[in-house]
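*Asks:* Could you work out the structure for the sequence below:
(one chain, ligands or ions: 1)
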Amino acid sequence: MYRALIRPLLYLLPAETAHHLAFACLRLLTAIPGVLALIRRALHRGEAASRVQTLGLDFPNPIGLAAGFDKDAIAYEALGALGFGFVEVGTLTGQAQPGNPTPRLFRLPKDRALVNRMGFNNRGSEDAVARLQQPRETIVGVNIGKTKVVPEEDAIGDYVASTRRVGPHADYVAVNVSSPNTPGLRDLQATERLRPLLSAVREALNEVSPARRVPLLVKIAPDLADEDVDAVADLALDLGLEGIIATNTTIRRDGLRSDVAEVEHCGAGGLSGPPLHERSVEVLKRLRARAGDRLVLISVGGIETPEQAWERIQAGATLVQIYTAFIYEGPFLPTRLAKGVAQLQKKGTVPFS
Ligand SMILES: Cc1cc2nc3c(=O)[nH]c(=O)nc-3n(C[C@H](O)[C@H](O)[C@H](O)COP(=O)(O)O)c2cc1C
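*Replies:* The predicted model follows:
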């Protein structure tokens, strides 16, 4: 029904307007008492999904929603009810900011891809606290990034301010140093800059949550050179991080099926969806080879089917995330993926664990 009826209607709207409309529906579902429980019951009927115990948490299934969809931590309970095993909210920055001028989100339907230069539009980490404090059923990771107007030399202070606010309420914290739409952000992936940043965030987490160790992960770009991927893995191990999320969107544009004019029309920004698949798998395998079983790896980038999600798990992913496929395939995709992976797991080989 989504593909035949709703998606064509949404396509008539600019991509960001369609997102706001879908989001408004999710908020509506959240506002009507009892509806989320009904949806949960309807969608999760029948066979058990494949639970995953990791990061000290019990994930109902390994399929997560990647950061950027629920930037302000507003609809995570509705998204959990739709079947996501966890939701990563954010990116939240130290200060509220409007993001880049619109239009800033574009579809490339021939590639089932998106290009975005949203630029971390969000209400800021302080604003999200009240919502993150609410009791919840859904596992929620909180992704944090740098406020655009904060000078690069003060980046650590901005991340630490957000960490102090959201840390106590996060099931895990993800440090985002990989979005292409905040000038200079990706330079923080260089180990000499990443080490002090991650150390400061770890320390702040320990201070604000002394009784519960909040897992800390770092999210990296697919455009890192192989040796830099290795260097981040080594650093994560050295600092005792729990894991790595790989990958964010790419600034590359090669191998696309869309016409050159369509691609050029999008302009600058991060490309997501199937064109990311190959590099995302490569980075995952590299990280797993480097880290052995000492890091939790969340694989993201171009996953659309249960087979692809299962392939990631077999290639070393502890959990996976999706974003673009959710936009193209609609609200039933999380359940379809979770059930599909459970079936593949039943007949398949034991994944890396
Ligand atoms: C519109 C849009 C906004 C995004 N915003 C964020 C963000 O705020 N923070 C972040 O870490 N990743 C963000 N991402 C990247 C996704 O979390 C994900 O890493 C990427 O899209 C690759 O996964 P996919 O191919 O399944 O979409 C965004 C992606 C899209 C398409």
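
*Asks:* mind listing the helices for this structure?
*Replies:* With DSSP state H as the criterion, the chain has helices at 7-11, 15-31, 35-43, 76-81, 125-132, 155-166, 191-208, 226-239, 260-266, 277-291, 306-314, 324-329, 333-347.

*Asks:* For residue 105, which of these is the nearest?
*Replies:* Within the helices of the chain, the stretch nearest residue 105 is helix 15-31; the backing value is 4.3 Å (Cβ to Cβ). Using the backbone N, CA and C atoms, a C-beta is placed for each residue, glycine as well.

*Asks:* close to the ligand, is the closest one?
*Replies:* No - applying Cβ under 6 Å from any ligand atom, one finds helix 15-31 separated from the ligand by no less than 7.4 Å.

*Asks:* in that helix, what counts as buried?
*Replies:* Residues of helix 15-31 classed as buried: 15-16, 18-19, 22-23, 26, 29-30 (neighbour count, 16 or more other Cβ atoms under 10 Å).

*Asks:* Would you mind listing where the stretch 1-150 of the chain has pLDDT under the threshold?
*Replies:* Within the stretch 1-150 of the chain, the ranges that satisfy pLDDT under 70 run 45-49.

*Asks:* With the stretch 151-300 of the chain instead?
*Replies:* Within the stretch 151-300 of the chain, not a single segment meets pLDDT under 70.

*Asks:* Would you tell me which residues of the stretch 201-350 of the chain are close to the ligand?
*Replies:* Counting by Cβ under 6 Å from any ligand atom, the residues of the stretch 201-350 of the chain close to the ligand are 219, 248-249, 272-273, 276, 300-303, 322-325.

*Asks:* Among those, which pair sits farthest apart?
*Replies:* Applying Cβ to Cβ across those, the maximum distance is between 219 and 325, 18.2 Å.

*Asks:* the more surrounded of those two?
*Replies:* Neighbour count, other Cβ atoms under 10 Å: between residue 219 and residue 325, residue 219 has more, with 29 against 21.

*Asks:* Residues in a beta bridge with the more buried one, which ones?
*Replies:* residue 176, residue 245 (DSSP bridges).

*Asks:* right, and the helices of the chain - which one's nearest residue 104?
*Replies:* When the helices of the chain are compared by Cβ to Cβ, helix 15-31 sits nearest residue 104, at 6.8 Å.

*Asks:* name the helices or strands packed onto that closest one?
*Replies:* When contacts are defined as 3 or more Cβ pairs under 8 Å, 6 or more residues apart in numbering; DSSP states H and E, helix 15-31 packs onto helix 7-11, helix 35-43, helix 76-81, strand 105-108.

*Asks:* repeat that with 7 Å
*Replies:* On a contact count with 3 or more Cβ pairs under 7 Å, 6 or more residues apart in numbering; DSSP states H and E, helix 15-31 meets helix 35-43, helix 76-81, strand 105-108.

*Asks:* Around the ligand, pick out the residues from the stretch 1-150 of the chain.
*Replies:* Within the stretch 1-150 of the chain, the positions near the ligand by Cβ under 6 Å from any ligand atom are 66-68, 71, 90-91, 105, 114, 116, 118, 120, 143.

*Asks:* 5 Å instead, please
*Replies:* Listed as neighbours of the ligand in the stretch 1-150 of the chain under the rule Cβ under 5 Å from any ligand atom: 66-68, 91, 114, 116, 143.

*Asks:* Out of these, who's the most crowded?
*Replies:* In terms of neighbour count, residue 91 stands highest of those at 29 neighbours, by other Cβ under 10 Å.

*Asks:* thinking that residue is in contact with residue 176, fair?
*Replies:* Yes - between residue 91 and residue 176 there is a contact at 5.0 Å, judged by Cβ atoms under 7 Å.

*Asks:* Dead centre of this structure: give me the residue that sits there.
*Replies:* Per Cα atoms, centre = their mean, the C-alpha nearest to the average position across the chain is that of residue 66, at 2.2 Å.
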